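S.K.: Show me the folded form of this:
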Amino acid sequence: MSGRLFHVIMAVLGLCSGTACTSDTDEYVQTSEQQSSGFVTPARSAVIDHGTTYSYQTEEVWCQRGDNRIYGVAYVPEGIQGRMPMVIYSHGFGGSHSGGAAYARALAARGYMVYCFDFCGATSSSRSDGATTDMSIRTEESDLRAVIGHFAEDSRVDASRIYLVGASQGGMVTAMTAADYPDMVRAAVLIYPALVIPDDVHEWYPRREDIPSTFSLWGVTLGSIYATDAYDYDIYTELPKFQKDVLIIHGTADNIAPISYSERMVERYASAELKRIEGAGHGFYGQQQTQAIDWMLDFLNAEEQKAAAEDELQDDGADANVISADILDLPSGYRQAATQQGRVVRLDYQTTSYATGQPMQKYALVYLPYGYDEGITSRYNVLYIMHGGGGSQATYLGGVGQNSQFKNILDNMIEHGDCQPCIVVAPTFYLSGDGDTSVAGSGVAVEQFPTELADDLIPAVEGTFRTYATVGSRADLRRSRNHRAFGGFSMGSVCTWWTFTKALDLFRYYIPTSGDCWALGTQAGRSNPTGTAEYLAAAVTEQNYTSRDFFIHVMTGSDDIAEPMLTPQTEAMKQLPQFSFGTDKRQHNFYYAVLPRATHTSSYAFQYAYNALLHLWKNEPDSDDTTGIKPVKM
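M.R.: Numbers count the residues shown, from 1 in each chain. Predicted coordinates:
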């Protein structure tokens, strides 16, 4: 393909990014003030008849990605009581939010809330911020994720039912976003997706060094980032990582984004269907567009029926989603050896010394549950659990071949069906031979440990044992974060808060017990509870996660030295929108419980871990949405 033809291709990608070419002027836009006036947050998802015709209003809505504002128009059905399914439409190269207007109107009339937006730097006339020279498929992916995060927090939206629709380059970006952030997306619709872009960039620039600092495509001045971000992107490896349902609609006469790419891709996806519109080119008009809308509605309505069935199943197992409001006592005999016993092994790994920056060897103790050695395909969730000040790997798991108290608790819980069989990893934040176990020394170590955890320990553990991680790269570990928890007692709790602020992308569940967050200073939970809570909230936002992406189970004792620090901190957290306090994991993301008369001892640390394990990974679906791997059965 010649460079001249590539210019023409990209021009048409822009001109035909949605329906027929339309003006950027939207006479139907109303103000964003309508979004929140008098609205009461519904507690449940709405029961919607998608065969009914709904009236709808439109609103201007601004989202935020870093320093960039993103402009768009939301279409909001009227008269629906409860949370609604959400459809987010992404336009193509050179397009704007108005390219999705026809699709949005049709979907809103059937009970879907829809948002069409301008990508940052899409064109010089884009209402979103950003320069065209800074735009690429990767920056557009970041825009789309920011939009998803914004509406996941909208009280009218059911965040478990967010659907992505994208046309042309927007279809490519939609597919990338679904693959990289599957937890945030229920299903995707790709309309003549421009999966050809990486190949076209290679055709135009055979060598990476040929890419100029700026170049022009159909009057849009682009920067080198546009070509470099697409240059090494392997669509057939990356995009199929999205394991949920995908609908592709493509014209058989598309000579801009050839249908052959979609035909190959539908075979690579785990669950995808390709609908062909005979004779259609790159853009649907008249009856072609009507047909595309009908197929899209059929697809989304089928997804909604699946969602309703899943909701009903969750209602039947609602107790599994609710943690106890009180800290429960250990059952009699759980500290003694169980009949069915797992085993403890040692895992050595390479890391870097906090003190010297030099390579060094460390080790962790790893608990493998009863039955681990019998299966060769079963995968396991992983709990990483950290000791307190002056402790070691042995605090929880004793040693290789030993039956520690906590190991006995794990064995008994799994044998009696109290928790799913899981792998438990007991590391240390101390360096080999480190004699400094003072509070000050420990404070430095726990702050540094999340780097070792992310870069060295997790890859070592999950590259050795059968977890839900499949490759070991940071991106792969992100995709399996639902299957990972981190907790700890005392200084281990301080380490847990540091892990939350530095590695939220790797863990969904956190169990900080008897220790507050020291990010703003030692015992800042008491000396600066508001600032500490705000720091934790900012960590959620800065890592591009929402309040629905984690659960924190905080525990301590009424006579514990940590209670005067933890209580003010958690009370301050309750005041911030990033944190929702309560025992139902479907509706809330953190809970704080205080055990009467409990003191600061390891015996209570084991009891807190028991209570956390009672609700970790309960009521999970049979198939895993993040990896497609079947979980181990209880």
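
S.K.: Need the nearest residue in space to Tyr430, chain neighbours excluded.
M.R.: Distances taken as C-beta to C-beta, 6 or more residues apart in numbering place Ala445 nearest to Tyr430, at 6.0 Å, with adjacent residues excluded. Placement of C-beta: from N, CA and C, glycine included.

S.K.: Touching, the one you found and Tyr354? I think so.
M.R.: Yes - between Ala445 and Tyr354 there is a contact under C-beta atoms under 8 Å: 6.5 Å.

S.K.: tell me, what's touching these two both at once?
M.R.: Contact criterion C-beta atoms under 8 Å, 6 or more residues apart in numbering; residues shared by Ala445 and Tyr354: Leu431.

S.K.: Looking at the two, which one has more neighbours?
M.R.: Set Ala445 next to Tyr354 and count neighbours by other C-beta atoms under 10 Å: Ala445 wins out with 23 against 18.

S.K.: That one belongs to a strand?
M.R.: No - counting by DSSP: H, G, I helix; E, B strand; the rest coil, Ala445 is located in no strand; its state is helix.

S.K.: Tell me who's in contact with it.
M.R.: Taking C-beta under 8 Å, 6+ apart, we find Ala445 in contact with Tyr354, Phe429, Tyr430, Leu431, Asp434.

S.K.: Of the residues you listed, which belong to strands?
M.R.: Under the assignment DSSP state E, the contacts of Ala445 contribute nothing to strands.

S.K.: Which helix runs longest in this protein?
M.R.: helix 287-316 (DSSP state H).

S.K.: After that helix, which helix or strand is next?
M.R.: In the C-terminal direction, the helix or strand that comes right after helix 287-316 (DSSP states H and E) is strand 343-352.

S.K.: who's in contact with that next one?
M.R.: 358-368, 372, 397-402, 404, 407, 425, 452, 455-457, 460-461, 464.

S.K.: Of those, grab the buried ones for PyMOL.
M.R.: Applied in PyMOL, the following selects the buried portion of the contacts of strand 343-352 according to 16 or more other C-beta atoms under 10 Å:
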select buried, resi 362+364+365+366+367+368+372+397+398+404+407+425+452+456+457+460+461
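
S.K.: among the contacts of strand 343-352, which are in strands?
M.R.: Within the contacts of strand 343-352, residues falling in strands by DSSP E are Pro359, Met360, Gln361, Lys362, Tyr363, Ala364, Leu365, Val366, Tyr367, Leu368, Val425.

S.K.: Report the beta-bridge partners for the closest residue to the last one other than its chain neighbours.
M.R.: The one in question is Val425. Excluding the flanking residues, the one nearest Val425 by C-beta to C-beta, 6+ apart is Tyr384, at 4.7 Å. Here Tyr384 sits in beta bridges with Val425, Phe486, going by DSSP bridges.

S.K.: Tell me the spacing between Tyr384 and Ala159.
M.R.: Distance, Tyr384 to Ala159, by C-beta to C-beta, to the nearest Å: 27 Å.

S.K.: Looking at these two, which is more packed in?
M.R.: Shown here are Tyr384 and Ala159; by other C-beta under 10 Å, Tyr384 has more neighbours (24 against 21).

S.K.: Can you tell me the SS state at Pro85?
M.R.: Under three-state DSSP, Pro85 comes out as strand.

S.K.: Could you report the neighbour count for the residue nearest to it when sequence neighbours are not counted?
M.R.: Excluding the flanking residues, the one nearest Pro85 by C-beta to C-beta, 6+ apart is Arg161, at 4.0 Å. A total of 24 residues lie near Arg161 under the criterion other C-beta under 10 Å.

S.K.: Secondary structure class of Arg161, three-state.
M.R.: strand.

S.K.: cool, and the one 5 residues further on?
M.R.: Under the three-state scheme (three-state DSSP), Gly166 adopts strand.

S.K.: who does the host helix or strand of Val554 pair up with?
M.R.: Using DSSP H and E, Val554 sits in strand 551-557. Paired strands of strand 551-557, with direction, are strand 509-513 (parallel), strand 590-595 (parallel) (DSSP bridges).

S.K.: what stretches of the stretch 251-400 of the chain score poorly on pLDDT?
M.R.: 311-320, 375-376 (pLDDT under 70).

S.K.: swap the cut-off to 90 and go again
M.R.: 305-325, 353-358, 372-379, 390 (pLDDT under 90).

S.K.: does Arg479 really touch Ala178, like I thought?
M.R.: No - shown here, Arg479 and Ala178 do not form a contact pair, counting by C-beta under 8 Å, at 11.4 Å.

S.K.: how deep is Tyr608 tucked in, by neighbour count?
M.R.: 26.

S.K.: just checking, it touches Thr513?
M.R.: Yes - applying C-beta under 8 Å, one finds Tyr608 in contact with Thr513, separated by 4.2 Å.

S.K.: Overlap of the contact sets of these two?
M.R.: Both Tyr608 and Thr513 are contacted by Phe489, Met555, under the criterion C-beta under 8 Å, 6+ apart.

S.K.: who touches the nearest residue to Pro564 once chain neighbours are set aside in this structure?
M.R.: The spatial neighbour of Pro564 that comes closest, neighbours along the chain excluded (C-beta to C-beta, 6+ apart), is Arg526 at 5.5 Å. With contact set as C-beta under 8 Å, 6+ apart, Arg526 has these partners: Asp516, Pro564, Met565, Pro568, Gln569.

S.K.: Next: Thr496.
M.R.: Met386, Phe486, Gly487, Gly488, Tyr510, Ile511, Pro512, Gly515.

S.K.: Swap in 6 Å and give it another go.
M.R.: By C-beta atoms under 6 Å, 6 or more residues apart in numbering, the residues touching Thr496 are Phe486, Gly487, Gly488, Tyr510, Pro512.

S.K.: which of those residues lies closest to Tyr285?
M.R.: Tyr510 (51.3 Å; C-beta to C-beta).

S.K.: Please enumerate residues in contact with the stretch of helix or strand Ala146 belongs to?
M.R.: Per DSSP H and E: Ala146 is located in helix 137-152. Residues outside helix 137-152 that contact it (C-beta under 6 Å, 6+ apart) are 63, 65, 70, 86, 88, 90, 117, 119-120, 157, 159, 173, 176-177, 181, 184, 229-230, 546, 548.

S.K.: same question, stretch 567-583
M.R.: 322-323, 325, 516, 525-526, 529-530, 532-533, 537, 540, 547, 554, 588-592.

S.K.: got the CA positions of it in CSV?
M.R.: The C-alpha trace of stretch 567-583 is given here as CSV (Å, rounded to 0.1, in the frame of the first residue of the first chain):
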residue,chain,number,x,y,z
THR,A,567,-10.8,4.7,64.1
PRO,A,568,-10.2,8.4,63.2
GLN,A,569,-8.7,7.4,59.9
THR,A,570,-11.7,5.2,58.9
GLU,A,571,-14.2,7.8,60.1
ALA,A,572,-12.4,10.3,57.8
MET,A,573,-12.6,7.8,54.9
LYS,A,574,-16.3,7.5,55.3
GLN,A,575,-16.6,11.2,54.3
LEU,A,576,-15.0,10.7,50.9
PRO,A,577,-16.8,9.5,47.7
GLN,A,578,-14.1,7.0,46.9
PHE,A,579,-15.0,5.0,49.9
SER,A,580,-18.4,3.5,50.7
PHE,A,581,-18.8,2.0,54.1
GLY,A,582,-20.8,-1.2,54.6
THR,A,583,-20.8,-5.0,54.8
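
S.K.: before we move on, the earlier item: can I get the strands paired with strand 551-557 in JSON lines with mean neighbour count?
M.R.: Shown next, in JSON lines, are the strands paired with strand 551-557 (neighbours: other C-beta atoms under 10 Å):
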{"stretch": "strand 509-513", "mean neighbour count": "27"}
{"stretch": "strand 590-595", "mean neighbour count": "20"}
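
S.K.: how about JSON lines for those strands, with distance to Tyr103 and mean pLDDT added?
M.R.: JSON lines is the format used below for these (distance: least, C-beta to C-beta, whole Å; pLDDT from 0 to 100):
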{"stretch": "strand 509-513", "distance to Tyr103": "37", "mean pLDDT": "97"}
{"stretch": "strand 590-595", "distance to Tyr103": "38", "mean pLDDT": "95"}
